[in-house]
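Peer 1: would you be able to build a 3D model of this:
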Amino acid sequence: MKRQTFISTMLLALPAFSFAGGSVFYSKRKSSEKVGKKPFIVKSDESRYSGKQTKPGNKTFLHCKVSSTDTNEELFIQTSTPNVFKYKGGPPPHIHGLEDEIVYVVSGEFIVSIDGVESMLRAGDTAFIPKGTLHTIINPIENNPGTLMTIFQPAPKKVEDFFSYISEHGEVSPDIVPEGW
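Peer 2: A predicted model of the protein is given here:
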């Protein structure tokens, strides 16, 4: 009888031991991941290319919100400015060989072409574009007031440098196109 009570008690206690052990492991893992990273806030009129926060003014084309420098090249997030969408159209269809791309429509309407299939995206819509997928984003109207948020994962520094150049110059230099694009 004592043996049966002991076994029952141990079996009932296993979930508690599992949760306790898991939370200790989880907190240790999380604290080690945060080493060297500091939290930050980027306001709507600010940018953070190369991990340096700036107020670039109203002539830029893109704003970096989370730099690949901030995330050890794991993530890059940027938003568009109205300067990007003065004219209809977009970049030619292209493929990212190393990065997944996520496009979130903050406001306005845009067309996304994924493997030749076009879809209208409106505020709140998201497109996930896995690496190796032919795609483009198209602005359907002149002076589009819409805003896009684009996310790249992983995010080699060269990807961020590419968009930083576009943000400043408003054009693409063939010398800065990332590998696999």
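Peer 1: so where do the strands sit in this structure?
Peer 2: Taking DSSP state E to define them, one finds strands in the chain at 62-66, 76-80, 100-107, 109-114, 117-122, 126-129, 135-138, 147-153.
Peer 1: low pLDDT regions in the protein?
Peer 2: Low-confidence regions of the chain, defined here as pLDDT under 70, cover residues 1-36, 176, 180.
Peer 1: so Pro82 touches Pro145, yeah?
Peer 2: Yes - counting by Cβ atoms under 8 Å, Pro82 does reach Pro145; the two are 6.3 Å apart. The C-beta positions use only the backbone N, C-alpha and C, and glycine is treated the same way.
Peer 1: who touches both of these two?
Peer 2: Here Pro82 and Pro145 share no contacting residue, scored by Cβ atoms under 8 Å, 6 or more residues apart in numbering.
Peer 1: higher neighbour count, those two?
Peer 2: Using other Cβ atoms under 10 Å as the criterion, Pro82 and Pro145 rank with Pro82 on top: 14 against 9.
Peer 1: list the contacts of that one.
Peer 2: By Cβ under 8 Å, 6+ apart, the neighbours of Pro82 are Asn143, Asn144, Pro145.
Peer 1: Ser107 is in contact with the second one, correct?
Peer 2: Read that as Asn144. No - the pair Asn144 and Ser107 does not pass the contact test of Cβ under 8 Å, sitting 9.6 Å apart.
Peer 1: more crowded one of those two?
Peer 2: The residue with more neighbours, out of Asn144 and Ser107, is Asn144; 20 against 12, by other Cβ under 10 Å.
Peer 1: quick check: closest non-adjacent residue to the more buried one.
Peer 2: If you skip the residues right next to it in sequence, Asn144 has Phe85 as its closest partner in space, 3.7 Å away by Cβ to Cβ, 6 or more residues apart in numbering.
Peer 1: distance of the one you found relative to Ser68?
Peer 2: When distances are taken as Cβ to Cβ, to the nearest Å, Phe85 and Ser68 turn out to be 24 Å apart.
Peer 1: show me where the protein has helices.
Peer 2: For the chain, applying DSSP state H gives helices covering 2-33, 157-169.
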